[in-house]
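Peer 1: show me how the following folds:
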Amino acid sequence: MASHNPWPDEGNTGHIWDEDLRELDNPPPLWWMLSFYAGFIMIIFYTLYYPVIPLTDKTGEFTKGLTGWTQIEEYKEDYKVLKDWRVAKFADKEEQLAAMSVDQILKDEELKNYAVATSKVLFGDYCAACHGAGGAGNPNFPVLADDDWLWGGNVKQIEASLIQGRVGNMPAKGMMGNLTDEEIDQVTDYVVALSEGKGNDAAFAAGKAVYAKGMCLACHGPAGKPLAPAGAANLTDQIWRFGNPYETDQEKIREMVKNVVTYGVNVKKDGKYIEGTRQAIMPSFKERLPDADVNIKRLSVYVHQLGGGQ
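Peer 2: I've put the predicted structure just below:
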């Protein structure tokens, strides 16, 4: 930078480089200055017009602004416009859903497709947390996209599950003293063998006898397959209700089966769940869903169409 200023009357700052590169001190254009000061005016306007300043009384309140505008209220207004449009556009289909049974809806291809299309968000909001996206299932919750149903998979049975809710029940054979530790091991091995199609092998004869003695067959059927859907698991299809439903590690499967045999499902003592018992409760959605009468039908058709409906 030069130590002298060859252009003293030019209006530069005196900062000069390479003999002739210098920093001028001209005022900004008038339009730029007006825009700059207008920005301060807009700050004052926004501060007064919109909610902005948090108060210090620890109540979470804030200045409401001259109009009381909020994003939530704007969202509600826009949503009402959308909802009114949907009601007007699809009123006939909604009336049909309300008037028809789930069996009738399934037979009407157009109405069935409408029910499925309008259930995806509903399923995501109310069902996916337990049953997974698309009914793929989460650990310890039933898969809805296969043909393994504890309470039945036709559309009327699915509707009944949504209306009534479901509560699993299996006694704890170990905790209640029905079976000895050795017998629990034997029946565990037999149940795992059933899932592999080896239930009649002589190696598992002792477990088969325990299966009958413990009255497992009363719910799960003589050969591990329930005679009717009433909440009992099919023990022959290699789909497991608890843990990973498609587990393939044999040690983990055996441990999982033994746990259920020992501690049961929804077993309580003195009004509290015993340690180790599996909890299997699906609430009724009759009071949980908005417009439940129609939305339960809608969801029933959707679940039936996930791939496992019988």
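
Peer 1: can you list contacts of stretch 49-62?
Peer 2: Applying C-beta atoms under 8 Å, 6 or more residues apart in numbering, the contact partners of stretch 49-62 are 46, 47, 63, 64, 65, 66, 67, 68, 69, 70. Backbone N, C-alpha and C define where each C-beta goes, glycine included.

Peer 1: top strand in the protein by residue count?
Peer 2: For the chain, the strand with the greatest residue count under DSSP state E is strand 12-17.

Peer 1: now could you export just the CA positions of it as CSV?
Peer 2: C-alpha atoms of strand 12-17 as CSV (Å, rounded to 0.1, in the frame of the first residue of the first chain):
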residue,chain,number,x,y,z
ASN,A,12,-10.6,8.0,-1.8
THR,A,13,-9.8,6.6,1.6
GLY,A,14,-6.0,6.8,1.1
HIS,A,15,-5.7,3.0,0.8
ILE,A,16,-3.8,2.5,-2.4
TRP,A,17,-2.2,-0.7,-3.8
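
Peer 1: so which elements touch that strand?
Peer 2: strand 21-24 (3 or more C-beta pairs under 8 Å, 6 or more residues apart in numbering; DSSP states H and E).

Peer 1: list the buried residues in the strand it packs on.
Peer 2: residue 22 (16 or more other C-beta atoms under 10 Å).

Peer 1: ok, stretch 168-187 next?
Peer 2: Under 16+ other C-beta under 10 Å, the buried positions of stretch 168-187 are 168, 170-175, 178-179, 183-187.

Peer 1: now, which of those sits nearest residue 232?
Peer 2: residue 170 (8.0 Å; C-beta to C-beta).

Peer 1: the stretch 101-250 of the chain: strands as residue ranges?
Peer 2: 166-167 (DSSP state E, counting those that start in this stretch).

Peer 1: so the nearest residue to residue 253 once chain neighbours are set aside versus residue 17, what's the distance?
Peer 2: Using C-beta to C-beta, 6 or more residues apart in numbering and skipping the chain neighbours, the partner closest in space to residue 253 is residue 247 (5.4 Å). In this structure, residue 247 and residue 17 are 74 Å apart, going by C-beta to C-beta, to the nearest Å.
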